[in-house]
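Asker: Fold the stuff below for me.
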Amino acid sequence: MRGIRRTVQLPSKRKAPALSEIMHKMSRAAALDLKGLRDRALLLLGFSGAFRRSELVALNTDDIEPTDDGLRVTIRKSKTDQEMRGVVIAIVKGAACFRSRH
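Answerer: All right, here's what the predicted structure looks like:
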């Protein structure tokens, strides 16, 4: 079946991007217990850093370093970094994308 799908080459179904308003609503839906706060942190960190799911679940607390301007996140291995050279991503405090519109 996979071979047939490759030869037919139907266009892939694209999903709408998660915009900041949607992410904000999703994060507010998380519970206020420890699991909910963890989920909210992962959701917002993943969005602000444009991380893949595999990159998020591979993070350790040692990979996240607070700075005066926000966070410095070290991604040790990625789909596009098979040699594990790693990359450091800066997450700036107070992202404008989460300001509410009035």
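
Asker: Could you use CA atoms for every contact and neighbour count after this?
Answerer: Noted.

Asker: which residues of this structure score low on pLDDT?
Answerer: Segments of the chain classed as low confidence (criterion: pLDDT under 70) are 1-6, 8-10, 95-102.

Asker: max-length helix in it?
Answerer: In the chain, assigned by DSSP state H, the helix with the most residues is helix 34-49.

Asker: what's the next helix or strand along the chain from it in contact with?
Answerer: Note on helix 34-49: by DSSP states H and E, the next helix or strand toward the C-terminus is helix 53-57. If you take C-alpha atoms under 8 Å, 6 or more residues apart in numbering as the criterion, helix 53-57 is touched by 42, 46, 75, 77-78.

Asker: filter those residues to the buried ones?
Answerer: 42, 75, 77-78 (16 or more other C-alpha atoms under 10 Å).

Asker: Format these as a markdown table; extra columns: distance to residue 88 and secondary structure.
Answerer: Below are the buried ones among the contacts of helix 53-57 laid out as a markdown table (distance: C-alpha to C-alpha, whole Å; DSSP: H, G, I helix; E, B strand; the rest coil):
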| residue | distance to residue 88 | secondary structure |
| --- | --- | --- |
| 42 | 17 | helix |
| 75 | 6 | strand |
| 77 | 11 | coil |
| 78 | 12 | strand |
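
Asker: picking up where we left off before, now, which of the contacts of helix 53-57 sits nearest residue 69?
Answerer: residue 46 (17.7 Å; C-alpha to C-alpha).
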